[in-house]
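Student: all I have is the shape, not the residue letters:
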């Protein structure tokens, strides 16, 4: 009952004209960047961070969230029609979805993707409403030691889920943390690492770094792999499925939703993990696994439900614990911090309108997406024909104006250019930028909690693994260590590689 | 036994990380470290710098022991034609104003693509100029002057 009361507060705020407008802009832009290959939700959200400066934080977060789950919808459209996943999480959808399209069943595949996503989105909204308060209440008892260990777990998970070398992923986290220490020391006010530059007294601007690494770096990366795409004009008919087809997709949607929701909550989770897991589960339990890869509708229904459920439930650790679980959530934390709001267990009681408003807006946004996507599909198909040549100067322009407008600072523009180059170089050397950004965002908080915990324990580092006084912290550290040891284990490491390659 | 680079990606990555750690060592000279009980401003960064240097060394030594892929060609043209226009934008926005500065920046970035088509490039520039001014200056009301003092504006 309490859940419904909370949701009522949320809908009251999400249904204001202004927030409905921002929600609509969010899902519209999200669908658009999901459709456009070479432009994903991460660079888009990075580009739009400065815009959130001028609007109320609730509206800003509603819009950014809409971009994230909207991109999951748009990504599946290109995956199905063109075999071009516009979005990493729709890579698996392309396998069977495009086969269906080639058999003339594009309508069925698109309908399944949209309905699966909508159902998953609805369920995930309720899941967040039901579980987030309990988690936040639990987290209220956390002291500095517990917080430190929780962040370590978040970082360890981002390392475990990064592609490629574990050493490099850890190095990226450490590099992010280290760059986060640039600027005034929190306790003593001592300037650190500013090398005589007064612009660095407050540290690096988060938006400039995010835009550089994800916006500008990505542009160079895409230009490197530039290729000409031919637009395939395919007509989409028969959107409404037959009764037998409905029967075939119900169970996969339910399974995908459940799996995606669970994997989304895990630190390091999000949309991508869920869709991969859901696809392999469907293939394993199918009576006739041979059909997969040749146009099995389950191969669209389950991963599409899972990626949308995961995209939404990954908000739970961010909103309740203040721990971002992936790069998108790190950007959201950044957006909140810009507005002077520290996400964490107190957010729900201090800013109920923000917390519940954002959650309620997700359901509204999902409804808008169904309406936007199914009837307007032919318009989105046209977007796919936009060549990257026309697109990327726009990305550069928006990043330039956006980052300058933050503080009317030319220095931030230079920082963005520098981190664009660094971001490109790191990816070229097989280092993933996501753990780097995660480290940068929580670097200051991590240091603060570490220093506080060590003060309380009089300099004894065993406080973090003390089973009697800090059992939660001890468990979190053990789980983090286990995660890292597991991915370092050669046999498992190899399977992880294979899983990613699939 | 001679030392040779077996995996260039790992080798250069390790070297880059060690170089960054070295820069932070330079910046740390005046910072009080403190103790584990009362950590000074330098304690946490020192831990991280040591960790980064060790990781860099480990990755570097991997690059000398295990065979790995080449780094591959760096698209210097794309990299420079994206980064330099951005720096140009930062340096000239105040002086030239949004119209001139953005137009030159965008036009310069269009050369980063493998193939440069004048019609596409100029049309893209024009469309972006109009779009950005409409959205950022008139829509969002950002305080950016359209024509700066260098071109007779204010």
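Tutor: Great, that's in hand. If you're wondering where the values come from, they're calculated on a predicted model, not measured in any experiment. Numbers count the residues shown, from 1 in each chain, chains lettered A, B, ... in the order given.

Student: which non-adjacent residue is nearest residue 92?
Tutor: Went with chain A since none was named. residue A:279 (4.3 Å; Cβ to Cβ, 6 or more residues apart in numbering or on different chains). No exception for glycine: its C-beta is placed from N, CA and C like everyone else's.

Student: try again with chain B
Tutor: residue B:101 (4.6 Å).

Student: am I right that that neighbour is in contact with residue B:89?
Tutor: Yes - here residue B:101 reaches residue B:89: they are 5.7 Å apart, a contact under Cβ atoms under 8 Å.

Student: contacting residues for the residue nearest to the spatial centre of chain A?
Tutor: Nearest to the geometric centre of chain A sits residue A:328, at 3.5 Å (Cα atoms, centre = their mean). By Cβ atoms under 8 Å, 6 or more residues apart in numbering or on different chains, the contact list for residue A:328 reads A:41, A:42, A:45, A:68, A:270, A:314.

Student: and the gap between it and chain B?
Tutor: Distance, residue A:328 to chain B, using Cβ to the nearest Cβ, to the nearest Å: 23 Å.

Student: mind checking pLDDT for the residue nearest to residue A:383 when sequence neighbours are not counted?
Tutor: Among residues not flanking residue A:383 along the chain, residue A:35 sits closest, at 4.8 Å (Cβ to Cβ, 6+ apart). What the model reports as pLDDT for residue A:35 is 79.

Student: tally of neighbours for residue A:35?
Tutor: 28 (other Cβ atoms under 10 Å in any protein chain shown).

Student: what are the neighbouring residues in contact with it?
Tutor: Residue A:35 makes contacts with A:74, A:75, A:77, A:78, A:86, A:380, A:383, A:384, as judged by Cβ under 8 Å, 6+ apart.

Student: kindly report the residues of the stretch 101-250 of chain A close to chain B.
Tutor: Residues of the stretch 101-250 of chain A lying near chain B by Cβ under 8 Å from any Cβ of the partner chain: A:165, A:167-168, A:170-171, A:174-175, A:177-178, A:181, A:185, A:187-188, A:190, A:192-193, A:195, A:216, A:219-220, A:223-224, A:226.

Student: I meant to write the stretch 251-400 of chain A there.
Tutor: Contact residues (Cβ under 8 Å from any Cβ) of the stretch 251-400 of chain A with chain B: A:388, A:389, A:390, A:392, A:393, A:394, A:396, A:397, A:398, A:399, A:400.

Student: next SSE after the strand or helix carrying residue A:20?
Tutor: Using DSSP states H and E, residue A:20 falls within helix A:17-35. Using DSSP H and E, the helix or strand that directly follows helix A:17-35 along the chain is helix A:41-48.

Student: mind listing what residue A:94 touches?
Tutor: Neighbour list for residue A:94: A:79, A:80, A:83, A:84, A:85 [criterion: Cβ under 8 Å, 6+ apart].

Student: out of those, which is nearest to residue A:341?
Tutor: Set against residue A:341, the nearest of these by Cβ to Cβ is residue A:85 (33.8 Å).

Student: tell me how far residue A:122 lies from chain B.
Tutor: Using Cβ to the nearest Cβ, residue A:122 is found at 33 Å from chain B.

Student: so how many other residues sit close to the closest residue to that residue other than its chain neighbours?
Tutor: Distances taken as Cβ to Cβ, 6+ apart place residue A:363 nearest to residue A:122, at 6.0 Å, with adjacent residues excluded. The tally of other residues near residue A:363 (other Cβ under 10 Å) stands at 23.

Student: tell me if I am right that residue A:363 is in a strand.
Tutor: No - applying DSSP: H, G, I helix; E, B strand; the rest coil, one finds residue A:363 to be helix, outside a strand.

Student: drop anything exposed from the residues of the stretch 101-250 of chain A next to chain B.
Tutor: Neighbour-count burial (16 or more other Cβ atoms under 10 Å in any protein chain shown) is assigned, among those, to A:165, A:167-168, A:170-171, A:174-175, A:177-178, A:181, A:185, A:187, A:192-193, A:216, A:219-220, A:223-224, A:226.

Student: returning to what we had before: if you look at the residues of the stretch 251-400 of chain A next to chain B, which of them are in strands?
Tutor: If you go by DSSP state E, those have nothing in strands.

Student: in helices, which of these appear?
Tutor: A:388, A:389, A:390, A:392, A:393, A:394, A:396, A:397, A:398, A:399, A:400 (DSSP state H).

Student: identify the residue with the minimum pLDDT among those.
Tutor: Where pLDDT dips furthest among those: residue A:388, at 82.

Student: now it: how far from residue B:129?
Tutor: In this structure, residue A:388 lies at 20 Å from residue B:129, with Cβ to Cβ, to the nearest Å as the measure.

Student: same question, residue A:408
Tutor: According to Cβ to Cβ, residue A:408 and residue B:129 sit 20 Å apart.

Student: so the two - more neighbours on which side?
Tutor: residue B:129 (18 against 12).

Student: residues contacting the more buried one?
Tutor: So residue B:129 contacts B:99, B:102, B:103, B:106 (Cβ under 8 Å, 6+ apart).

Student: buried set for stretch B:81-95?
Tutor: Taking 16+ other Cβ under 10 Å as the criterion, stretch B:81-95 shows B:81, B:82, B:83, B:85, B:86, B:87, B:88, B:89, B:90, B:92, B:93, B:94 as buried.

Student: typo on my end, it should be stretch A:347-362
Tutor: Those would be A:347-348, A:351, A:353-362, for stretch A:347-362 by 16+ other Cβ under 10 Å.

Student: where in the stretch 401-502 of chain A is pLDDT low?
Tutor: Counting by pLDDT under 70, the stretch 401-502 of chain A contains low-confidence ranges at A:490-502.

Student: okay, now residue 55: neighbour count?
Tutor: Since you didn't name a chain, this refers to chain A. The burial count for residue A:55: 17, using other Cβ under 10 Å.

Student: my bad, the chain I had in mind was chain B
Tutor: 23.

Student: ditto for residue A:129
Tutor: 20.

Student: again, but for the one 4 residues further on
Tutor: When neighbours are defined as other Cβ under 10 Å, residue A:133 has 18 of them.

Student: confirm it sits in a strand?
Tutor: No - counting by three-state DSSP, residue A:133 is not found in a strand; it is helix.

Student: for the one helix or strand residue A:378 maps to, packing partners?
Tutor: Taking DSSP H and E as the criterion, residue A:378 maps to helix A:377-383. Secondary-structure packing of helix A:377-383 (3 or more Cβ pairs under 8 Å, 6 or more residues apart in numbering or on different chains; DSSP states H and E): helix A:17-35, helix A:57-82.

Student: what pLDDT does the spatially most central residue of chain B get?
Tutor: By Cα atoms, centre = their mean, chain B has its centre lying nearest to residue B:83, at 7.1 Å. With respect to pLDDT, residue B:83 scores 94.

Student: how close does residue A:315 get to residue A:46?
Tutor: Taking Cβ to Cβ, one finds residue A:315 at 18 Å from residue A:46.

Student: which one's more surrounded, those two?
Tutor: residue A:46 (32 against 27).

Student: from residue B:72, how far off is the more buried one?
Tutor: According to Cβ to Cβ, residue A:46 stands 26 Å off from residue B:72.

Student: repeat that for residue B:8.
Tutor: 9 Å.

Student: same check on residue A:203?
Tutor: 33 Å.

Student: same deal with residue A:164?
Tutor: For residue A:164 relative to residue B:72 (Cβ to Cβ), the value is 15 Å.
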